[in-house]
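Trainee: Pasted the sequence and its predicted model underneath.
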2 protein chains.
Amino acid sequence: MTDDLRVLVERLKAVSHPLRLRVLALLAPGELGVCQVAETLQVPQSSVSEALKELRRAGFIVERKEGRWVFVSVVPQQELTPFLRGLLTEAGNLPKVLEDRARAKEVQALSLPSVCAKVQTVASMAPEAVRA
Amino acid sequence: MTDDLRVLVERLKAVSHPLRLRVLALLAPGELGVCQVAETLQVPQSSVSEALKELRRAGFIVERKEGRWVFVSVVPQQELTPFLRGLLTEAGNLPKVLEDRARAKEVQALSLPSVCAKVQTVASMAPEAVRA
DNA sequence: TGTATTTTTCGATATTTTCCGATATAAAAT
DNA sequence: ATTTTATATCGGAAAATATCGAAAAATACA
């Protein structure tokens, strides 16, 4: 019968997490590559990967592969559920999210290969910038 | 700086929980007494009380005292944030939530004192109906 | 093929959360 | 005042989740 409730709870859990919410909100304006996300948020790349896995499981984002890169983005407009639409509206006003988006713009100005290369190493030098 | 993000995450966590989400959705159509909620959902009264505490902390519900009873309800319309509004819309379609609401109607047909008295004892006899 | 590069999965530990009986508090009724 | 009744809080064991380095897997290109 009904574990629709459980499904909804799982989707809520997916965003009840500082990094995952940041990532989701970061993607709302448009797709980004995985390593661009890691560089923008200054978190270990593996953490971004796990966050993306959850967001994908919850049906909030989709991915597109291009060469050796993976680009992720929020699901298309018409697939936004009421709750997700509201959440993105609300998150889009948070100062931290706006900061993140500004930083993403700077990162996007760089060449993708250079950003990805940087991410490999930088993680080990940014030990506490991790938490939200 | 900004831990608006953390605040939003806390609010999401508050509803990322089967019982708390059920309680919130149950209250959407209108206020109920605490023991009516416990009886409707067939969970220990202490669990309902803790669920309500979290929902209050998150700013989703308000309480009203009348005599020895406490009635709880969702915050007024105009205070609904986009995310909460969307969530209630979405939850309001779930079969389990509709079931719960139907059961609440039956419970409301009984006298409040009798329901409250029942709740005191019934909890210990419903060991596994608790989850979701 | 082999090698370099990007992303995902795994493992181990630390932290947080859940759950509910027992008990405390508060407010009415006697 | 004492008792009853409704709700809140506490305790603490069990379960779930977070974290991130290390290793694996996947992909392009030489």
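Mentor: Looks like it arrived, so ask away.
Trainee: When you work out contacts or count neighbours from here on, use the C-alpha atoms and nothing else.
Mentor: Will do.
Trainee: The helix or strand encompassing residue A:70 near DNA strand C at all?
Mentor: According to DSSP states H and E, residue A:70 maps onto strand A:69-74. Yes - using C-alpha under 7 Å from any atom of the strand, strand A:69-74 reaches DNA strand C at A:69-71.
Trainee: Please, where are all the strands along chain A?
Mentor: Ranges of strands within chain A are A:32-33, A:61-66, A:69-74, based on DSSP state E.
Trainee: Most tightly packed of the ones you listed?
Mentor: The highest average neighbour count among these, using mean count of other C-alpha atoms under 10 Å in any protein chain shown, belongs to strand A:32-33 at a mean of 20.
Trainee: how far out from the middle of the chain is that one?
Mentor: Put simply, strand A:32-33 sits 9 Å off its chain's centre (C-alpha atoms, centre = their mean, to the nearest Å).
Trainee: Over to stretch A:89-97?
Mentor: For stretch A:89-97, the distance from its own C-alpha centre to the chain's C-alpha centre is 14 Å (C-alpha atoms, centre = their mean).
Trainee: sorry, back to before: any chance of the strands of chain A in a markdown table, with mean pLDDT too?
Mentor: A markdown table is the format used below for these (pLDDT from 0 to 100):
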| stretch | mean pLDDT |
| --- | --- |
| strand A:32-33 | 97 |
| strand A:61-66 | 95 |
| strand A:69-74 | 96 |
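Trainee: Among those strands, which comes closest to DNA strand D?
Mentor: Nearest to DNA strand D, of all the strands of chain A, is strand A:61-66, at 6.1 Å by C-alpha to the nearest atom of the strand.
Trainee: so what strands line up beside that closest one?
Mentor: strand A:69-74 (antiparallel) (DSSP bridges).
Trainee: returning to what we had before: now tell me what touches the strand holding residue A:70 from outside.
Mentor: A:24, A:27-28, A:30-34, A:60-65 (C-alpha atoms under 8 Å, 6 or more residues apart in numbering or on different chains).
Trainee: okay if I get the strands of chain A as a markdown table plus distance to residue B:97?
Mentor: A markdown table is the format used below for the strands of chain A (distance: least, C-alpha to C-alpha, whole Å):
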| stretch | distance to residue B:97 |
| --- | --- |
| strand A:32-33 | 37 |
| strand A:61-66 | 27 |
| strand A:69-74 | 28 |
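Trainee: Residue A:12 is nearest to which of these?
Mentor: Comparing these by their distance to residue A:12 (C-alpha to C-alpha), the top pick is strand A:61-66, with 14.0 Å.
Trainee: Mind listing residues that contact that closest one?
Mentor: So strand A:61-66 is contacted by A:24, A:52, A:55-56, A:70-75 (C-alpha under 8 Å, 6+ apart).
Trainee: wait, does it contact DNA strand C?
Mentor: No - on the criterion C-alpha under 7 Å from any atom of the strand, strand A:61-66 is out of touch with DNA strand C, staying 7.8 Å away.
Trainee: Against residue A:76, how distant is whichever residue of chain A sits closest to DNA strand D?
Mentor: Closest contact between chain A and DNA strand D, by C-alpha to the nearest atom of the strand, is at residue A:67 (3.5 Å). Residue A:67 sits at a distance of 23 Å from residue A:76 (criterion: C-alpha to C-alpha, to the nearest Å).
Trainee: which residues touch the residue nearest to the spatial centre of chain A?
Mentor: In chain A, the centroid-proximal residue (C-alpha atoms, centre = their mean) is residue A:23; its distance is 2.3 Å. Residue A:23 sits next to A:37, A:48, A:51-52 when contact means C-alpha under 8 Å, 6+ apart.
Trainee: Highest neighbour count among those?
Mentor: When these are compared by neighbour count (other C-alpha atoms under 10 Å in any protein chain shown), residue A:37 ends up highest, at 29 neighbours.
Trainee: That residue contacts residue A:49, correct?
Mentor: No - using C-alpha atoms under 8 Å, residue A:37 makes no contact with residue A:49, being 9.6 Å away.
Trainee: Alpha carbons of stretch A:93-101, as PDB, please.
Mentor: Listed next in PDB are the C-alpha coordinates belonging to stretch A:93-101 (Å, rounded to 0.1, in the frame of the first residue of the first chain):
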ATOM      1  CA  ASN A  93      17.200  34.000  -1.000                       C
ATOM      2  CA  LEU A  94      19.900  32.800   1.400                       C
ATOM      3  CA  PRO A  95      23.000  34.900   1.600                       C
ATOM      4  CA  LYS A  96      25.300  31.800   1.700                       C
ATOM      5  CA  VAL A  97      23.600  30.500  -1.500                       C
ATOM      6  CA  LEU A  98      24.100  33.800  -3.300                       C
ATOM      7  CA  GLU A  99      27.700  33.800  -2.200                       C
ATOM      8  CA  ASP A 100      28.200  30.300  -3.500                       C
ATOM      9  CA  ARG A 101      26.600  31.200  -6.900                       C
END
